[in-house]
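> sequence and computational prediction follow.
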Amino acid sequence: MIFTARQFQFIFPRPALVMGVVNVTPDSFSDGGRFLEPNAAVAHALALVSQGAEILDLGGESTRPGAATVGEEEELRRVIPVIEKLAPQVKVPISIDTMKPAVARAALDAGASIVNDIAATTRTDFMMGQIVAESRAGYIMMHTQGLPPTMQAQPTYHDVVGDISGIFSERLNLLLNEAGVLLEQVVIDPGIGFGKSLEHNLTLLAGLKTFNKWRRPLLVGVSRKSFMGKLLGAEVFDRLPASLACAALAVGEGVNIIRTHDVAETVQAVRMAEAIYSRRKNVD
């Protein structure tokens, strides 16, 4: 299985990739405001790479539940200077976390290689897909039910794993056959925490193997998510142990990319889990 993102190529099976989060926002739930200034964002990104991040995910609009939307001009103002400064300094792909085609295009022009699209399963046109196809960028197709301002207002599924699996089948077909994206450009993300209740999130994590059927890299982002707080009563900065538990479980279920704020700790947890899982066949 191959994942290509412009000049970058990853061949699986291989150790799971750890994607480091760089929020260039004033209001993200975990670290909003800390890296709003471009030099601070670049310094943070370089630190994440030194800790083992093999992808950097840069976002200029908070996607936490209830977050207000950000105008295109403001989002561009936040992210483009960071990408321009960062791209010449790193040898890992930069992912732009955006719902806006114009921001994705500008970010790719500035040096990004991946589009992380949380609105992938809600789109009614092919503009984002066409940008990805033309640029040969990687594309993270994430599921959400609704968008951040309203997505946690009573999300409902008949069968959360089956429903999302069906949506991915439909959207993947459109992406390949209508937008012209190549299969090797696509990563699938079930969207933990995006339009899901506590029970939905736990059920998705228990059913991750279902999403391996397309033979595409599977990404999971669980870092410090609010469902952990609901289950454990832990505040945002006390959720690292729960985040690491979910990451370790995920790689055992075939997840290829872990998106996290805590790169060094996640790299350790994932490598330890992989070392154990690799010996299962000897025990069986």
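Looks like it arrived, so ask away. Residues are numbered from 1 along each chain as shown.
> CA only for contacts and neighbour counts going forward, please
Fine.
> need the contact partners of stretch 238-246.
Residues from elsewhere that reach stretch 238-246 (CA atoms under 8 Å, 6 or more residues apart in numbering): 205, 222-225, 228-229, 262, 265-266, 269.
> show me where the stretch 151-284 of the chain has helices.
160-177, 198-206, 226-232, 240-252, 263-277, 280-283 (DSSP state H, counting those that start in this stretch).
> so residue 20 makes contact with residue 261?
Yes - in this structure, residue 20 is within contact of residue 261 by CA atoms under 8 Å, at 5.8 Å.
> these two: which is more packed in?
Set residue 20 next to residue 261 and count neighbours by other CA atoms under 10 Å: residue 20 wins out with 29 against 23.
> phi, psi for the more buried one please.
The phi/psi pair for residue 20 (degrees, to the nearest 10) reads phi -90, psi 140.
> low-confidence ranges, the stretch 101-250 of the chain, go.
Applying pLDDT under 70 to the stretch 101-250 of the chain picks out residues 149-151.
> tell me which stretches of it form strands.
Using DSSP state E, counting those that start in this stretch, the strands of the stretch 101-250 of the chain run over 114-117, 138-142, 186-189, 219-221.
> just put these in TSV and tack on mean neighbour count.
Shown next, in TSV, are the strands of the stretch 101-250 of the chain (neighbours: other CA atoms under 10 Å):
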stretch	mean neighbour count
strand 114-117	27
strand 138-142	26
strand 186-189	24
strand 219-221	25
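> quick one: which of these is nearest residue 70?
Across those, residue 70 has its closest neighbour in strand 114-117 (15.2 Å, CA to CA).
> partner strands of the closest one and their direction?
Here strand 114-117 has these sheet partners by DSSP bridges: strand 94-97 (parallel), strand 138-142 (parallel).
> residues contacting the first one, please?
Under the contact criterion CA under 8 Å, 6+ apart, strand 94-97 has outside partners 55-60, 83, 87, 104, 107, 111-118.
> chain center to that strand, what's the gap?
In terms of CA atoms, centre = their mean, to the nearest Å, the centre of strand 94-97 is found 9 Å from the chain centre.
> same question, stretch 115-125
Centroid separation for stretch 115-125 versus its chain: 13 Å, with CA atoms, centre = their mean.
> start to end distance for it?
16 Å (CA to CA, to the nearest Å).
> what does stretch 84-96 give?
Distance across stretch 84-96, first residue to last, is 12 Å (CA to CA).
> next, give phi and psi for residue 278.
With angles defined as degrees, to the nearest 10, residue 278 sits at phi -70, psi -20.
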